[in-house]
Each structure stands twice: as structure tokens, then as C-alpha cells.
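A.B. asks: 3D model of this:
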Amino acid sequence: MTRLHLHLLSDSTGETLENIAKAALAQYDDVETVRHFWPMVRTEAHLEHILQEIAQNPGLVVFTLVNVATRRILEARCRALGLPAVAPLDPVNDALSHLLGQQAKARPGRQHMLDAAYFARVDAIHYTIAHDDGIAAEEWEDADIVLAGVSRSSKTPTSIYLANRGYKTANIPIVLESPPPASLYALKHPLVVGLTTSPDRLIQIRRNRLLTLNQQPDTAYVEAEAVARELQFARRMFADNGWPVIDVTRRSIEETAAAIIALVGERAAA
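C.D. replies: Purely as a prediction, here's the structure:
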């Protein structure tokens with residue numbers, strides 16, 4: 001297994017940089033990554049301390065620094081150490097600068113300014129947490145998205161991810177013995193999406209959940225025929241109401257959320 005020291009330097013929170021590094025590293029197997037995360041790098045004194053750490057643990061340096069002087073010091077020292085230093089946002093900024101006919105504003109963390117979109121995300125997160133697992137059905141009409149699915153079909157984590165993207169998301173469990181409230185079928189504003197999965201995957205997830213809770217994994221909750229009936233009931237409900245359905249069997253939370261957001265866009269364009 002290859003061992004890689006990865007130095008991430010940002011003059012802001014470093015969230016963008018972390019996401020870029022995560023996406024890139026996902027393409028490689030058998031790599032042991034030692035992450036050195038350096039956010040809020042805004043002084044030469046701070047940078048000098050980091051450079052000493054980089055010299056002691058040589059590897060790949062990836063940075064998002066908008067201050068020209070700081071960047072030049074970092075790039076010069078990395079060249080002297082024979083280390084690659086990559087600024088992943090540079091090609092995007094160069095292309096935008098060319099197309100827009102203006103220079104980028106060299107302001108650290110400018111994308112994190114408290115604008116209307118930020119407060120909309122906060123509002124969406126508060127709403128989503130308050131409407132998890134079928135709670136407050138009388139307020140579902142205020143949602144942007146309502147997710148429906150059987151227990152352990154990724155409703156809650158997908159809802160939270162969507163909330164972080166600014167979508168007010170409620171979710172409701174589909175239970176064979178307890179049909180959802182009639183108000184679910186009368187919703188007009190929210191996009192209702194059904195989440196489904198394969199019986200084998202669902203049984204595995206439920207067994208692991210029961211073991212985590214120190215409960216016996218020998219109940220109808222994980223019995224193959226019962227799970228199959230549950231999923232069939234949910235799928236029939238989705239079909240009867242004309243709701244779009246997403247199979248999460250082989251999807252990550254991010255992929256499921258992306259598919260839902262695409263459905264929102266299609267609905268808006270229709």
C-alpha cells in the first residue's frame with residue numbers, strides 16, 4: 001500500500017479544498033493518506049510554520065490561497081523541496097476571468113459570506129430536522145421535497161444532505177401495518193419521491209442496526225418474506241400515486257440526492 005502525505009492549505013475554512021481532495025482520492029485504491037489540514041492561512045508567519053511541517057513530511061501540496069505574496073512563497077518553497085503544489089481552482093478562475101472579462105476578487109472565503117442563500121440553507125436544515133420520520137405532517141406542504149420509503153432506506157441522511165443544499169425536506173416511513181396520513185396524497189407544492197432498495201441490502205442494513213442496538217436480529221423486521229412484502233407495498237404505493245422512484249441499492253447518499261435534485265429541476269422546467 002502506498003503512503004501519501006497530503007497537505008491541504010486554505011485561507012478560509014478549507015471546505016472546498018477538502019471536497020476536491022476527497023473526490024480525487026476516491027479514484028485510487030490501496031493508498032494510505034496522511035492528511036495535514038491547514039485552514040485560515042493568512043499570514044507569512046503561519047505559512048512558515050506549515051512549510052516546516054511540509055519539509056518534514058514531504059508529499060502533495062494542494063492549496064486555495066488568493067493572496068499573491070503568500071502563494072508565491074508557498075510555490076517557491078515547494079519548488080525548492082521538489083514537491084508538487086497544485087491550485088485546483090486556478091483553471092476555473094482563469095476560464096471565468098476570460099469569459100467574463102474581469103479579474104477575480106482576491107478575497108479569502110468570499111463564497112462563505114452570509115447571504116440569502118446561507119440563511120435559506122439554515123432554514124432548510126431546521127425544517128428538515130423538525131420533520132424527520134413522519135413528524136409534523138400538517139406542515140409537509142411547506143416542504144420542497146418529501147421522501148417516502150420503508151425503514152432504513154436512507155431517508156434521513158438523504159434529507160439532511162438535501163437540507164444542506166437548501167431544500168426543505170420532510171421524510172416519512174412507509175409501514176405496512178400503518179398507512180401514512182391522507183395529507184401525504186394531497187400535497188401540491190412538494191415533490192414526493194419514493195426511495196426503494198433491494199431486499200438483501202435492506203436486510204443486511206437492518207441486521208447491522210439491530211446488532212448495534214444490542215437487539216436480537218431474529219424478528220420480522222429482518223425476515224426475508226416480510227421485508228419483500230414491505231418493499232412490494234411501498235412500490236405499489238409509489239406507482240399508484242405516480243411518484244418518481246429512486247433505487248438506492250447501489251447509490252451513495254450524494255448520488256441519491258443528486259438524482260432527486262435533477263427531478264426537482266425537471267419538474268420546475270415542465
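
A.B. asks: ok, residues contacting whichever strand or helix holds V146?
C.D. replies: Per DSSP states H and E, V146 falls inside strand 145-149. Contacts with strand 145-149, where a contact means CB atoms under 8 Å, 6 or more residues apart in numbering, come from 140, 155, 158-159, 162, 167-174, 180, 184, 187, 190-197, 234, 237-238, 243, 260, 264. For the C-beta atoms, the positions are set from N, CA and C on the backbone; glycine is no exception.

A.B. asks: okay, it in CSV with CA atoms only?
C.D. replies: Provided in CSV are the C-alpha atoms of strand 145-149 (Å, rounded to 0.1, in the frame of the first residue of the first chain):
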residue,chain,number,x,y,z
ILE,A,145,-39.2,17.6,-1.1
VAL,A,146,-40.9,14.8,0.8
LEU,A,147,-39.1,11.4,0.8
ALA,A,148,-41.1,8.2,1.4
GLY,A,149,-39.7,4.8,2.0
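
A.B. asks: helices or strands next to the helix or strand encompassing A24 in the packing?
C.D. replies: Using DSSP H and E, A24 falls within helix 15-25. Using 3 or more CB pairs under 8 Å, 6 or more residues apart in numbering; DSSP states H and E, the elements in contact with helix 15-25 are strand 2-10, strand 31-38, strand 60-64.

A.B. asks: which parts of this structure are helices?
C.D. replies: In the chain, the helices defined using DSSP state H lie at 15-25, 44-56, 68-81, 90-100, 116-130, 155-164, 199-212, 224-241, 253-269.

A.B. asks: got the angle for the fourth one vs strand 60-64?
C.D. replies: For the pair helix 90-100 and strand 60-64, the angle between their directions (axes from the mean of the first three to the mean of the last three CA atoms, to 10 degrees) equals 30 degrees.

A.B. asks: A26: how many residues sit nearby?
C.D. replies: By other CB atoms under 10 Å, 9 other residues sit near A26.

A.B. asks: let's see the pLDDT reported for it.
C.D. replies: With respect to pLDDT, A26 scores 88.

A.B. asks: quick revisit: closest one to T16 among the helices and strands packed on helix 15-25?
C.D. replies: strand 60-64 (6.3 Å; CB to CB).

A.B. asks: thanks a lot, catch you later.
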